[in-house]
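Asks: Need coordinates for the below:
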Amino acid sequence: MSNGEFEIYKDTDNQYWFRLKAGNGENIGKSEGYTRKLSAEEGIVSVQKNSDDRDNFKVYQSSKDDKWYFNLHSADNGQVILTCSQGYSSKQGLETGIASVMENGSTETIDDLT
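Replies: Numbers count the residues shown, from 1 in each chain. Take a look at the predicted model:
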């Protein structure tokens with residue numbers, strides 16, 4: 001069972017965002033910005049549904065900083081629903097980050113900071 005949580009927050013751009021935090025409080029993934037809070041809540045439901053399948057994660061290495069990144073995609077429509085919060089210097093670190101999303105992404109704990 002996960003000790004992670006989602007946080008919904010409103011940023012300076014006046015949009016709603018959510019982030020996924022691991023049990024140790026580390027940010028492990030973030031959403032895109034949404035104009036409506038309901039859309040952010042629906043995004044969380046999509047992460048909860050899709051984060052347990054490794055096939056839904058797409059990885060890439062940036063040519064700008066040579067770091068590894070991942071995006072979690074919805075199996076239903078292929079849209080990106082969560083991006084990693086940091087770049088990883090090794091592919092092994094990236095895999096650890098994905099494993100953390102897989103472990104914590106099904107959490108039902110949501111901290112509404114709005």
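Asks: what ranges of the chain fall below the confidence cut-off?
Replies: Within the chain, the ranges that satisfy pLDDT under 70 run 1-2.
Asks: how near is the spatially most central residue of it to residue 80?
Replies: The centroid of the chain falls nearest to residue 29 when counting by Cα atoms, centre = their mean (3.1 Å). Distance, residue 29 to residue 80, using Cβ to Cβ, to the nearest Å: 11 Å. No exception for glycine: its C-beta is placed from N, CA and C like everyone else's.
Asks: Pull up the overlap in contacts between those two.
Replies: residue 72 (Cβ atoms under 8 Å, 6 or more residues apart in numbering).
Asks: Name all residues that make contact with the residue nearest to the centre of the chain.
Replies: 19-20, 47, 72, 82-85, 101, 105.
Asks: so it is in which element?
Replies: Under the criterion of DSSP states H and E, residue 29 resides in strand 27-30.
Asks: Which parts of that strand count as buried, going by neighbours?
Replies: By neighbour count with 16 or more other Cβ atoms under 10 Å, strand 27-30 contains the buried residues 28-30.
Asks: could those go into a markdown table alongside distance to residue 94?
Replies: Formatted as a markdown table, these follow (distance: Cβ to Cβ, whole Å):
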| residue | distance to residue 94 |
| --- | --- |
| 28 | 11 |
| 29 | 12 |
| 30 | 16 |
